[in-house]
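Participant: Dropping a prediction and its sequence here:
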Amino acid sequence: MKVLHQIYIFIVLLFVSLSSMAQGARGLNIVVLGDSNTSIGGDSCTLDRGWTRWFKESMQPASMRSYARSGATWTNTTATRLNTQEYTEVLADCNVVYNQVERLTLAYRQGSQPAPDVIIIAAGTNDAWFKQRRPLLFSKTAEQAFVQTAFITGRKPSAILSLAESVRYGVELLMERFPKSRIILLTPMQTTKAPYSDVRRVGDVIEEVGRRMSVPVVRQDHITGVYSNRELRKPFLTSDGTHTSVEGARRNGRLLARQIEPLLF
């Protein structure tokens, strides 16, 4: 009888624990930043070709909004400046994650965006794809980017020119402005537009910066099922070798939900 009583208590506690986790997931305000594979889900994360639509369906957050833009890079240029008004869907000096952070901050301060509980950043594809347009992309290793131990947020974005520094810069800005938010980084998926060696190198830098900042990183280039060699032969989970098809977005969104949910509790 005593054993049965203990089993009963264990089952009840397990049920309560699982119920509270599910309730917590439903109560989150989630924000996503990134490039085209995130932006094609729409600002409200409701369009079928974007992973955010299926992630939102799986997670059932209180709110979820995307500030992503097609063509965006992590890496800044010498011409990058504060610009929350420009709208473009191609590579540009101001089309960088830094300005997505600024647009998120502005929306929050104006009251149109709830304080985010979770901020997911999925970028890096264009850094690998257009590396010739970001000539200082790999000019600093993650180790070199952290020589200065104090936050680097006081510097101008035009002075942050390597991928490693740009990732650190964006994450530190978010940490300062949303200190209670959980930040999660996604590396780029494989693409037929850039050699996998470049995509992997970009992912390695993002992963190492995340490790140094105690920010979790999900390696999309390892887990999503989008393999550049297969997509070159015949598109399977993409429409063009880079951007997900509806099926690719569905698979990826649900996979990312499974990967990210344990990181939130």
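Facilitator: Noted; the coordinates are in hand.
Participant: quick one: the closest residue to residue 98 other than its chain neighbours and residue 238, what's the gap?
Facilitator: With sequence-adjacent residues excluded and distances taken as C-beta to C-beta, 6 or more residues apart in numbering, residue 98 is closest to residue 157, at 4.8 Å. No exception for glycine: its C-beta is placed from N, CA and C like everyone else's. Distance, residue 157 to residue 238, using C-beta to C-beta, to the nearest Å: 31 Å.
Participant: ok, those two, which is more surrounded?
Facilitator: Each of residue 157 and residue 238 has its neighbours counted (other C-beta atoms under 10 Å); residue 157 has more, 26 against 22.
Participant: Where does residue 210 sit: helix, strand or coil?
Facilitator: helix (DSSP: H, G, I helix; E, B strand; the rest coil).
Participant: Now the residue nearest to it when sequence neighbours are not counted, what are its backbone angles?
Facilitator: Closest residue in space to residue 210, ignoring its immediate chain neighbours: residue 217 at 3.9 Å, by C-beta to C-beta, 6+ apart. When quoted as degrees, to the nearest 10, the phi and psi of residue 217 stand at phi -130, psi 130.
Participant: tally of neighbours for residue 217?
Facilitator: 19.
Participant: now the one 3 residues further on
Facilitator: By other C-beta under 10 Å, the residues close to residue 220 number 25.
Participant: now do residue 247
Facilitator: Based on other C-beta under 10 Å, the number of other residues close to residue 247 is 13.
Participant: Give me the distance between it and residue 121.
Facilitator: 24 Å.
Participant: Same question for residue 227.
Facilitator: Distance of residue 227 to residue 121, given as C-beta to C-beta: 23 Å.
Participant: Comparing those two, which shows the higher neighbour count?
Facilitator: More neighbours surround residue 121 than the other of residue 227 and residue 121, with 29 against 16 (other C-beta under 10 Å).
Participant: And the helices in the stretch 101-250 of the chain, which stretches?
Facilitator: With helices called from DSSP state H, counting those that start in this stretch, the stretch 101-250 of the chain shows them at 125-129, 142-145, 163-177, 196-212, 220-223, 228-233, 246-260.
Participant: hang on, the earlier thing: wouldn't the residue nearest to residue 210 be in contact with residue 186 here?
Facilitator: Yes: applying C-beta atoms under 8 Å, one finds residue 217 in contact with residue 186, separated by 7.5 Å.
Participant: In a markdown table, list the helices of the stretch 101-250 of the chain along with distance to residue 64.
Facilitator: Putting the helices of the stretch 101-250 of the chain into a markdown table (distance: least, C-beta to C-beta, whole Å) gives the following:
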| stretch | distance to residue 64 |
| --- | --- |
| helix 125-129 | 21 |
| helix 142-145 | 30 |
| helix 163-177 | 17 |
| helix 196-212 | 22 |
| helix 220-223 | 18 |
| helix 228-233 | 28 |
| helix 246-260 | 11 |
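Participant: how about these, which one is nearest residue 100?
Facilitator: Nearest to residue 100 among the helices of the stretch 101-250 of the chain is helix 163-177; the distance by C-beta to C-beta comes to 8.3 Å.
Participant: tell me the angle the closest one makes with helix 196-212.
Facilitator: Counting by axes from the mean of the first three to the mean of the last three C-alpha atoms, to 10 degrees, helix 163-177 lies at 40 degrees to helix 196-212.
Participant: Distance from the chain centre to helix 163-177, please.
Facilitator: 13 Å (C-alpha atoms, centre = their mean, to the nearest Å).
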